[in-house]
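# Give me a 3D structure for the following:
(2 chains)
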Amino acid sequence: MRLLSGTNDPVSICNIRRVAAGLIFFALTVISSAAEEGAAAGPAEPVDLKPNRIQALEQRLATITDPVAKLFFTAGLEHTKGDSERAIETLAQLIVEHPNDEKWIAKSELLSAELYLELGMLKSAAATARQVLSLHAGTDAAKQAAELRVKIEKLRKETESKESSE
Amino acid sequence: MIRCTLLLLIFLAGTALAQSEIEEMSASGLLTEASRKLAAEQYGQAIPYLTEYVERMTEADDARVYALTQKVRLKLGKLMAWLEDPSAAVGWLEQYTQNLPCDQPREAYKLLAANLYSSGQYEQCVSAVTNALARPLPRGLKTSKKTIAYEKMSNKELGGHSYRKIKRIEEAAAEEKEKDDLSKGFSDDVPDPEPDYTVDELVLLNMALAESYSELEQWSLSIEPYRFVIENVVDEDRKGYAIMQLVNALVAQEQFEEARTFIVQLYRTDARYNIRVNMALIKTASALFNVDQYDSALMLYRMVLPREDLVNHQAARMNEIRRAAGLPVVKVTIVVNEAGRLETLFGYTHGDVDIDSGSQDFGQELPPKPKELIELEEMVERLVSLPPYENEVLYQTGLLYAKADRPWEAVRAFDLTASRDPGGTMGQRAFAESLLVLVDPLQKYERVETRGREFLETHIEGLGPRMVTHALTISYQKQELWKEVKQLLPVIEGFVFSDEPAVLQYECELYYMQAIADMVLLNYKEAKPGFERILTDYPDSHQQENASYWHAMAQVFLKNHQEALDELDAYAQTYPDGSWLPSAAFHCGICLFGLEKLEDAQVRFTHVIDTWPGEPIYSDACSLRADLLAAKGLLTDAQRDYEEAIATARIPRQATYAVFQLAAMFDLEGRYDEIIAVVNAYLDTYGETGDVAKAAYWIGKTKLAQGLTGEAVEAYRVTILKYGGNVLQDGVDLIISELVSVSKRVLEDDEREALKESLRASLRKTDNMTLQLRLRVLLASMEGARLELGKQLITELDDLEQAPPPVLAVICDASFKLEDYSRGEEMLTLFETRYEESTFMLSALKLRGFQLFDEELYDESLKVVAKAQALYGTDPEAAWAQILKGRAELKQGRFDAARETFQALITVRSWRGEPYAEATFGLGEVEEAAGDPRKAFGWYQRVYFLYKGYANGYWAAEGYLASARCLQKLGLENDMRNTFRAMLFDKYVNTLPQAEEARTALGPEEVLEISQMIVGGIQTNLTVRLDAEVTE
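Just a heads-up that it's a prediction; the model follows:
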């Protein structure tokens, strides 16, 4: 994993991982809710985070026909498998190619912000979260983006403080 | 427009047919006929009659005729407006508003404003709208209307009607008046004041006003009318368009926050489906992007619909209108015509129906197209005739994501653009931009390498390959792979020539980066022609100024001081506001310093100090002026400048230089406390970013001076181990020299052994090659095994990149000892380019000086000598330079110079020892070469008399042989043999190889005899005396 620029500080890394852990939860919650919304995704059920569920999720993914939903699900699975960078690339494809898809765009951009954070790219995470707020004002995604921005800002200050004290 | 054309044709046809008839008609007949045509909705045909009427009545002086003529003018204005002939409409309406009576000024100004806008007369339109919004009252012949109180009228006055009925009749009449004026006849009634404008009319007026201001770029004035339209217009399309225009105005006014509010409002509407709005979105988004308003710009770019989506949406809308109008639904098809342009096919066109066919039957079969449909069809046709914009939008979105710190989105947008247009300029530009984002911030260097190289394998023409090469260059620069940058040179040189400005600009940039890479790699010789290429092949390029400066700087680094000075002065003249001006002025000082024009150099540094106190170079100028002042003995002034340099240093290097120069100055005066103070303050400020090793050196040196040897040695040891792994930490090298000296001079044997053991243990532990090399040199120096180490390292080290200066010096010394001068140039270049300040450069100068001497390049050799002596003066280790100088002068036949050089050497106390022996021998050589063997003999004899203990007797042996040679030349055979005998009796030399020559000359028997005498303990007193005048 790439670290925060300019720091190898274990405290900062730990903080990022802590936030990232929250993201994993979020990502899978989104997948879960997306599955509920997806016509071919089958009935809603709690999503197991364990690796042995990945195969089941992949099978479910194979049944989704909406190309936009498919991209979103793929990104979620990639993230679950631990490949955050691939996940963010997949989300980027969705965001660029389907910017006006009302159903998936806000969620995708929010997840992208969180993945940037997980990859230690604070500036990108902050920029993406800010744009979620601005582009999707009034949505749940915007609300979560606002919360994410608070986290990012806190993390940024911690990192800066740590760096300046060194 | 179509309607206008159609009716104009009818009008012209009618004009031709009826002109003679019109001229014969009475004025009232004209109006009657016009009224009849209007009633029949033959508007175009009414125009000649009305025009004729106005022309005839212009000279009339009857009030009723005036009034009627004015009505006709207004009517004509309306007709022309309806016929979409705004210029003609404006003409009639202006006549109407400028004449009396003007009973309908509000209506007239409204129409005038609309038509002035349509005809592009924006300033006049603003004036017309302003007049309209002032709510003008009728002027001129109007009589005041008395309000009648019907309820108070008598029955007789009411004519038998109730007052309510009278009121109703009046209201019905008023309603009648409001009906479409176009179909109305003419009367001479004076109307009542006009009612106020409806909201729709106000929207129209405000829109015309806002748009006119917009066209006139009076953005601030356009804002209020746009706001009015947005707040009052019902039609969503028009509202969206007004928001869009308001956003443009706010952006132009740099009111970005407010613009954003309206963009959000716009984002939530379907305004994007309005073709005009859709087109305007791109322009506004671009404007916002250019002022870093990324969020707003992104919102707008996202609203831009692909052309196909937009056409499909409008096609559906057109079909709705068609259905409502009873027209058949058609499918819109976009095709490419023979000219390669896109065009739409609507099934049939309005032109076929209304104009070209002239078929009444067909016209009767299908109802006419509604105006809205015609306008939509025109818009769609305009849309498809535009160049494709989707890729441009996608590309711009990529740029936006890149700027807004969303790199992966940027990469995707660029890649998608590239995949849609792989051979086009846009696609290739996007491909290169994608690489740039992958470099920074994503650092996906391998991906960039693979993709970039793959692209360059098949593309050598146009802008794309240049851009990709640029991206690769940036990638290498980020990774500090300067050699890889240089490997791109053949690629660049292999591109197909193009004189396209954009291509030339990129090419120029690429060559500039090549030259910069040479500078970074310290290849100044290659960098110089690189910058020349920019200046010669790309005149007036964007890099002209930079290339001029860096070319001069290459000259500085190559020590072409005069050329550099000239170029830097020329730079300052050419670019009086140039960005490198302070640095150029500073380096002029450096050049003058190099040219030994010290006063001039000081003037330049003072100029920099006085002129640019806020520039980064200021601190350097202070330091160098301090050096000059210190050299003059003005130590207080020098101290002031050094302290100013330290206080204003922008980077550690600047403070480092000033601090240690100041420390050296204090050292000369024994001001140890001040050394400690200045070095500690430096460490407090810069910590690890400073030159800690050099600081440790100075602190240790001060402790030694204070007698704290143990502390100093330990501090040195720790510093070597901590920083010795970094090749650039030249403070470590100073410490190594100092530690070697201290261990020899000060340490007891057990202390020395303990130190060596500790160093050996550290050597075993470390994997760092640079530290290993430094420790090996240190240990070898302490053990007197430098030569052996040097020989070992000559074969061991192929790559000298990680070799610090002491290691290079050891290699130089060993090479010199082996008389292998082949690496002399390489070694000196390494020092000059990397470690110019290093004290270890002396060894490289020596190797190079003797290399040149060996190659009989005496002048060049003397230049190296001059440099060595300028840097090291009469340092004990620098005696070789004086020797070499004398030898070179001797080889050049400059006997007086050589004599003077050797004699000068034997007056320098620090060169006592072997250099004296060699110099004395050299004096003998000079006299011998000058043809005076007697004098020569005297010098040679002095060598073996006075210096036989030096160099293991080498020079003494040489002295014997040379003496014998001189005696032979003088014909003193016996003295010669005596000299050889003395040589064999001399225990300092008789075992040396040179003694063989004496043995050969004397023969085996005499040699045996001498050997036996020596064994027998017999001492000889063989001395040859000549009357040579030898003076020291």
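# C-alpha from now on. contacts and neighbour counts both.
Noted.
# what's the distance between B:Asp820 and B:Phe831?
Distance of B:Asp820 to B:Phe831, given as CA to CA, to the nearest Å: 18 Å.
# Same check on B:Tyr872?
15 Å.
# Pick out whichever of these two has more residues nearby.
Set side by side, B:Tyr872 and B:Phe831 show more neighbours around B:Phe831, with 22 against 17, by other CA atoms under 10 Å in any protein chain shown.
# Now do the more buried one, the pLDDT please.
At B:Phe831, the model reports a pLDDT of 90.
# element containing it?
B:Phe831 is part of helix B:824-834, with elements assigned from DSSP states H and E.
# Tell me the first helix or strand C-terminal of that helix.
Assigned by DSSP H and E, the successor of helix B:824-834 is helix B:841-854.
# quick check: mean pLDDT across that following helix?
On average, helix B:841-854 scores 95.
# ok and it relative to helix B:824-834, angle-wise?
In terms of direction (axes from the mean of the first three to the mean of the last three CA atoms, to 10 degrees), helix B:841-854 departs from helix B:824-834 by 140 degrees.
# Which neighbouring elements make contact with helix B:841-854?
With contacts defined as 3 or more CA pairs under 8 Å, 6 or more residues apart in numbering or on different chains; DSSP states H and E, the packing partners of helix B:841-854 are helix B:805-817, helix B:824-834, helix B:858-872, helix B:879-891.
# Go through these and find the least confident stretch.
Minimum mean pLDDT among these: helix B:824-834, a mean of 89.
# List the buried residues of that one.
B:824-825, B:827-832, B:834 (16 or more other CA atoms under 10 Å in any protein chain shown).
# Can you tell me which of those residues lies closest to chain A?
B:Arg834 (28.0 Å; CA to the nearest CA).
# and the end-to-end length of stretch A:92-107?
Stretch A:92-107 end-to-end distance (CA to CA) = 12 Å.
# my bad, should have said stretch B:486-504
Chord length of stretch B:486-504, first to last residue, is 19 Å (CA to CA).
# Run through who's touching that stretch.
The contact list for stretch B:486-504 (CA atoms under 8 Å, 6 or more residues apart in numbering or on different chains) reads B:460-463, B:465-466, B:469, B:473, B:507, B:510-511, B:514, B:517-518, B:538.
# same question, stretch B:535-543
Contacts for stretch B:535-543 (CA under 8 Å, 6+ apart): B:504-505, B:508-509, B:512, B:534, B:544, B:547-548.
# Which positions within that stretch qualify as buried?
Applying 16+ other CA under 10 Å to stretch B:535-543 flags B:535, B:538, B:541, B:543 as buried.
# what is the mean pLDDT for that stretch?
Rounded mean pLDDT across stretch B:535-543 is 95.
# Equivalent analysis for stretch B:997-1011, please.
Mean per-residue pLDDT for stretch B:997-1011: 91.
# TSV for the buried residues of stretch B:535-543, including secondary structure?
Listed next are those as TSV, based on DSSP: H, G, I helix; E, B strand; the rest coil:
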residue	secondary structure
B:Leu535	helix
B:Tyr538	coil
B:Ser541	coil
B:Gln543	coil
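# In chain A, mark out all the helices, start to finish.
Using DSSP state H, the helices found in chain A span residues A:10-37, A:54-62, A:67-80, A:84-97, A:105-118, A:122-135, A:140-165.
# List the contacts of A:Pro99.
Contacts of A:Pro99 (CA under 8 Å, 6+ apart): A:105, B:302.
# What's the separation between it and B:Leu394?
From A:Pro99 to B:Leu394 the distance is 11 Å (CA to CA).
# Show me what from chain A comes close to chain B.
By the rule CA under 8 Å from any CA of the partner chain, the part of chain A lying against chain B is A:88-89, A:92-93, A:95-96, A:99-100, A:123-124, A:127-128, A:131, A:134-135.
# filter these to the buried ones?
By 16+ other CA under 10 Å, the residues of chain A next to chain B give A:88-89, A:92-93, A:95-96, A:99, A:123-124, A:127-128, A:131, A:134-135 as buried.
# Tell me which helix or strand whichever residue of the stretch 701-850 of chain B sits closest to chain A sits in.
Residue of the stretch 701-850 of chain B nearest chain A, by CA to the nearest CA: B:Lys722 (19.2 Å). Taking DSSP H and E as the definition, B:Lys722 sits inside helix B:709-723.
# what does that helix rub up against?
Residues contacting helix B:709-723 (CA under 8 Å, 6+ apart): B:693, B:696-697, B:699-701, B:703-704, B:729, B:732, B:735-736, B:739, B:746, B:759, B:762, B:771.
# swap the cut-off to 7 Å and go again
Residues from elsewhere that reach helix B:709-723 (CA atoms under 7 Å, 6 or more residues apart in numbering or on different chains): B:693, B:696-697, B:700, B:703-704, B:729, B:732, B:735, B:739.
# would you put the C-alpha positions of the helix holding B:Phe831 in PDB?
Provided in PDB are the C-alpha atoms of helix B:824-834 (Å, rounded to 0.1, in the frame of the first residue of the first chain):
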ATOM      1  CA  GLY B 824      44.100  10.700 -14.900                       C
ATOM      2  CA  GLU B 825      41.500  12.600 -16.900                       C
ATOM      3  CA  GLU B 826      38.600  10.500 -15.600                       C
ATOM      4  CA  MET B 827      39.600  11.000 -12.000                       C
ATOM      5  CA  LEU B 828      40.100  14.700 -12.300                       C
ATOM      6  CA  THR B 829      36.800  15.100 -14.100                       C
ATOM      7  CA  LEU B 830      35.000  13.200 -11.400                       C
ATOM      8  CA  PHE B 831      36.400  15.500  -8.800                       C
ATOM      9  CA  GLU B 832      35.800  18.600 -10.700                       C
ATOM     10  CA  THR B 833      32.200  17.700 -11.400                       C
ATOM     11  CA  ARG B 834      31.200  16.100  -8.200                       C
END
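# No further questions, thank you.
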